[in-house]
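K.L.:
Okay, here's the prediction I keep looking at, along with the sequence it came from:
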Amino acid sequence: MSDRYALSLASYNIHSCFGTDRKYLPERIVEVIQALDVDVVGLQEVDMGLLADGQPQLDFLASSLRLTAIAGASFCDHRGHFGNALLTRLPIQSTRRIDLSVRRFEPRGAIDALLHIDGLGLRVVATHLGLNAAERRLQVRHLLHALDAEPQDRPWLMLGDFNEWRPTGGALRALNRRFGPSGTLRTFPSRFPMLPLDRIWIWPRPAVHRLHTYATPLSRVASDHLPIRAEVAWQEAELAITRIGRQTMSKEVMPGAL
């Protein structure tokens, strides 16, 4: 087991592989993700009802990139499955899907996956929140409640399209309190990005080495969002301190709860 754990990750709303020129070209999305060269990428607006080279869209992306796919459909209709996905080259231990649907709004969800990197458990959460501010607040509240019920003794990554127009306001406040501030990179619209809709949270925070948008002539046309990419690394000593801190806190809290 290494004393240093490093990986790269990205989040990308692929707009069902329709570019800003309105052309359906999944091959362009493949090329963009290849250029990102990451261990994990969270995708939004994946449409399994659309085919590419005779395969469902997600299967085509995974096979073309030689990555393992985790599907997290938010809803199904006459077209098939539509929603989130994860692509990864890391070993997968377990996955679950968290329903974030709010009544009267479009169904939404999150993927909660436990991956492994050099023997270290790594939690990755990928989601796509709704368009309404009140809806997003409810979704974040439900998401944090679901996640807090799980063990907190491993690094976390949360990524996706959070549809929050304000850099630090609205639904983002609760996430920033929980994980620390995310970057505010402008990703939408891809041709002339003005809004920081796409986010990556990383915990523990010292792990973040680099966070940036991937803006090239191809990525500006392949989808209406630009992808964001991060490089992270943790030292074993940092993770040990984090675990000890949380275990100590739990012991302190327990007597007072009796």
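P.N.:
Sure, I can see it. Numbers count the residues shown, from 1 in each chain.

K.L.:
switch to C-alpha atoms for all contacts and neighbour counts from now on
P.N.:
OK.

K.L.:
quick one: the helices in the stretch 1-150 of the chain?
P.N.:
26-36, 57-65, 133-148 (DSSP state H, counting those that start in this stretch).

K.L.:
Show me the one of the ones you listed that comes nearest D99.
P.N.:
helix 133-148 (8.5 Å; CA to CA).

K.L.:
How about the closest one, which residues are buried there?
P.N.:
E135, R136, R137, L138, Q139, V140, L143 (16 or more other CA atoms under 10 Å).

K.L.:
Which of the helices of the stretch 1-150 of the chain has the lowest mean pLDDT?
P.N.:
The weakest mean pLDDT among the helices of the stretch 1-150 of the chain belongs to helix 133-148, with a mean of 92.

K.L.:
Now W201: which helix or strand?
P.N.:
Assignment of secondary structure by DSSP states H and E places W201 within strand 198-203.

K.L.:
Packing partners of that strand?
P.N.:
strand 4-13, strand 156-161, helix 172-179, strand 228-235 (3 or more CA pairs under 8 Å, 6 or more residues apart in numbering; DSSP states H and E).

K.L.:
avg pLDDT for that strand?
P.N.:
Rounded mean pLDDT across strand 198-203 is 92.

K.L.:
quick one: that strand to chain centroid distance?
P.N.:
Put simply, strand 198-203 sits 8 Å off its chain's centre (CA atoms, centre = their mean, to the nearest Å).

K.L.:
and for that strand, what are the contacting residues?
P.N.:
Strand 198-203 has contacts (CA atoms under 8 Å, 6 or more residues apart in numbering) with 11-12, 155-163, 179-187, 208, 227-228, 230.

K.L.:
Tell me the helix or strand right after that strand.
P.N.:
strand 208-213.

K.L.:
these two touch, right, L195 and P189?
P.N.:
Yes - here L195 reaches P189: they are 7.3 Å apart, a contact under CA atoms under 8 Å.

K.L.:
Show me what A85 bridges to in the sheet.
P.N.:
Listed by DSSP bridges, the beta-bridge partners for A85 are L43, A71.

K.L.:
likewise E231?
P.N.:
Going by DSSP bridges, E231 forms beta bridges with S8, R210.

K.L.:
List the contacts of it.
P.N.:
A6, L7, S8, L9, V208, H209, R210, L211.

K.L.:
Swap in 10 Å and give it another go.
P.N.:
6-10, 38-39, 207-212 (CA atoms under 10 Å, 6 or more residues apart in numbering).

K.L.:
so which of those residues is the most crowded?
P.N.:
Using other CA atoms under 10 Å as the neighbour test, these are led by A10, with 29 neighbours.

K.L.:
circling back to that earlier point, can you add distance to L65 and give the buried residues of helix 133-148 back as TSV?
P.N.:
Below are these laid out as TSV (distance: CA to CA, whole Å):
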residue	distance to L65
E135	34
R136	32
R137	35
L138	35
Q139	31
V140	31
L143	30
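
K.L.:
just those now: which is nearest T20?
P.N.:
R136 (26.1 Å).

K.L.:
pLDDT weak spots in the protein?
P.N.:
1-2, 73-81, 151-152, 206, 240-258 (pLDDT under 70).
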